[in-house]
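Chemist: Pasting a predicted model and its sequence here:
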Amino acid sequence: MWITNGPIADVAVVYAKTQPELQHAGISAFIVEKGTPGFTAGPPLKKMGVRTSQTSELIFQDCEIPAENLLGHEGEGFLMAMQTVEWDRSALLAPFVGSSTYLLKKCSQYAKGRVQFGRPIGQFQAIRHKLAEYAYSVRRPGPWFTAP
């Protein structure tokens, strides 16, 4: 479930327990091609965000994968999966930091421009605290950020 590019991919790397008694050391990786009997992708899932990345479930119904589709060696699947997750997380970090920085900038501009009770709302302590807390969570707000 929740497989990135699931509905459009021609090839998938699938992780399966080949030696369950070894727990994570018994996981192996396999290459599975579209058209393999018993292997299908579900329809694209409707998501709240990241809509440019199609996501679906992968369905295995009486699907047999030949031994020559083993990726690497038996039992190396967990290590491969962790390396993939590490790369994926670092690749996804940049857009999240960028969007957080952009949103902080927009919030700061709004607080400077929105006037309530005769002064910009950014001059109220509660709003300043919210902006400061958000700036801290972004860690490095950038040179454009100045307190309202």
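Modeler: Alright, I've got the coordinates. Numbering: from 1, shown residues only.

Chemist: alpha carbons only for contacts and neighbour counts from here, please
Modeler: OK.

Chemist: Okay, now the unreliable bits of this structure?
Modeler: For the chain, applying pLDDT under 70 flags the ranges 139-148.

Chemist: got the buried residues for stretch 116-136?
Modeler: Neighbour counts over stretch 116-136 (16 or more other C-alpha atoms under 10 Å) mark 121-122, 127-128, 131-132, 134-135 as buried.

Chemist: want to try JSON lines for those residues, with secondary structure as columns?
Modeler: What follows is these, written out as JSON lines (DSSP: H, G, I helix; E, B strand; the rest coil):
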{"residue": "I121", "secondary structure": "helix"}
{"residue": "G122", "secondary structure": "helix"}
{"residue": "I127", "secondary structure": "helix"}
{"residue": "R128", "secondary structure": "helix"}
{"residue": "L131", "secondary structure": "helix"}
{"residue": "A132", "secondary structure": "helix"}
{"residue": "Y134", "secondary structure": "helix"}
{"residue": "A135", "secondary structure": "helix"}
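
Chemist: Let me know the helix or strand that C107 is in.
Modeler: helix 77-113 (DSSP states H and E).

Chemist: Can you pull out the residues in contact with the following helix or strand past that helix?
Modeler: Where DSSP H and E defines the elements, the next helix or strand beyond helix 77-113 is strand 115-116. Residues outside strand 115-116 that contact it (C-alpha atoms under 8 Å, 6 or more residues apart in numbering) are I121.

Chemist: Strand 115-116 pairs with which strands, and in what direction?
Modeler: strand 119-120 (antiparallel) (DSSP bridges).

Chemist: that older thread, kindly reformat the buried residues of stretch 116-136 as CSV containing distance to L93.
Modeler: CSV is the format used below for these (distance: C-alpha to C-alpha, whole Å):
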residue, distance to L93
I121, 31
G122, 29
I127, 27
R128, 27
L131, 22
A132, 22
Y134, 17
A135, 17
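
Chemist: re earlier: if you count neighbours, what's buried in the helix holding C107?
Modeler: Neighbour-count burial for helix 77-113 [16+ other C-alpha under 10 Å]: 77-78, 80-81, 100-101, 104-105, 107-109, 111-112.

Chemist: go on, stretch 4-13?
Modeler: Within stretch 4-13, judged by 16+ other C-alpha under 10 Å, the buried ones are 5-7, 12.

Chemist: To what extent is Q54 buried, counted in neighbours?
Modeler: By other C-alpha atoms under 10 Å, 19 other residues sit near Q54.
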